[in-house]
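S.K.: Prediction below, plus the sequence it came from.
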Amino acid sequence: MTDLLIKICGISTEETMQATLDLGVDMVGLVFFPKSPRHVSLTQACKLADMARGKAKVVALTVNMDLDSLSRINELVAPDIFQFHGNETPEACAAAKVMYNKQVMKAVAISDRSDLEEALYYSIVADRLLFDAKPPKGSDLPGGNGVTFDWDLLKDLDLAKPFMLSGGLDASNVAQAITRSGATAVDVSSGVEREKGVKDIEKIRAFVAAARSVSPVAGE
Ligand SMILES: O=C(O)c1ccccc1N[C@@H]1O[C@H](COP(=O)(O)O)[C@@H](O)[C@H]1O
């Protein structure tokens, strides 16, 4: 049995970072994607990452980013984990892992069982998979849309690597999502915001409490 891992994604202010760290979460996500309302500059990201270092793993979320920009994030922000949330190939994930000597978490968008096949390829090279819902038609963002998918699809999934559950989670549904999917790790962004891109500390607190209310899950 193991404790659930909790990641709060899209933190952009020092106040939210401090409150989130005080809750003892496992991972904090910084978004490097200009179209996102949660996008942070490199300067702000360095400040936020320094606050988190040694307290929670710093996750750098990127979407189809070129190598020069990835290298700059790696050098200046020094994240613990890269979260690739675009169409990065398994080869690109493997190359980044070797080049930066960092963990890689690859997002896979799910709407039905057939989408899980993609996860098999990524599970060979990534350290962890992140299951998210497919974005709604016309969305500018490949994630962070507050959309759920059928959590039952993940039950008893036999993968070589652990997965993190995301997509439309909030304090009201995270316990059920964990129970139905068998997830040992959860990630949230929109569900802990008062408006798009603006985190709400009370919602983060409620989310963490609701997630932790579920009995310890089978280990990773
Ligand atoms: O949060 C964003 O703005 C974002 C932008 C581009 C790709 C992914 C993004 N967020 C990730 O999406 C999932 C689900 O988020 P939500 O809880 O449904 O809002 C999560 O893994 C975020 O890390």
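M.R.: The structure has been received and is ready for your questions.
S.K.: Show me the contact partners of the one helix or strand residue 73 maps to.
M.R.: Residue 73 is part of helix 67-77, with elements assigned from DSSP states H and E. Residues from elsewhere that reach helix 67-77 (CB atoms under 8 Å, 6 or more residues apart in numbering): 30, 32, 42, 45-46, 49, 58, 60, 62, 65, 79, 82, 96, 99-100, 102. Glycine gets a C-beta too; all of them are placed from N, C-alpha and C.
S.K.: Among these, which one lies nearest to residue 18?
M.R.: Within those, proximity to residue 18 (CB to CB) peaks at residue 49, which comes in at 13.3 Å.
S.K.: hang on, the earlier thing: starting at the chain centroid, how far to the helix holding residue 73?
M.R.: On the basis of CA atoms, centre = their mean, to the nearest Å, helix 67-77 is displaced by 19 Å from the centre of the chain it belongs to.
S.K.: do the same with stretch 80-93
M.R.: Using CA atoms, centre = their mean, the distance from the centre of stretch 80-93 to the centre of the chain it belongs to is 12 Å.
S.K.: please begin residue numbering at 704 from this point
M.R.: From this message on, residue numbering opens at 704, which makes the last subject stretch 783-796.
S.K.: buried residues in that stretch?
M.R.: By 16 or more other CB atoms under 10 Å, the buried positions in stretch 783-796 come out as 783, 784, 785, 786, 787, 788, 791, 793, 795, 796.
S.K.: Would you mind naming what in this structure lies close to the ligand?
M.R.: Near the ligand, the residues belonging to the chain are 712-713, 732, 734, 736, 739, 741, 764, 766, 788, 833, 835, 844-849, 869-872, 890-894 when assessed by CB under 6 Å from any ligand atom.
S.K.: mind listing which of those are in strands?
M.R.: When DSSP state E defines the strands, the subset of the residues of the chain next to the ligand inside them is 712, 732, 734, 764, 833, 835, 890, 891.
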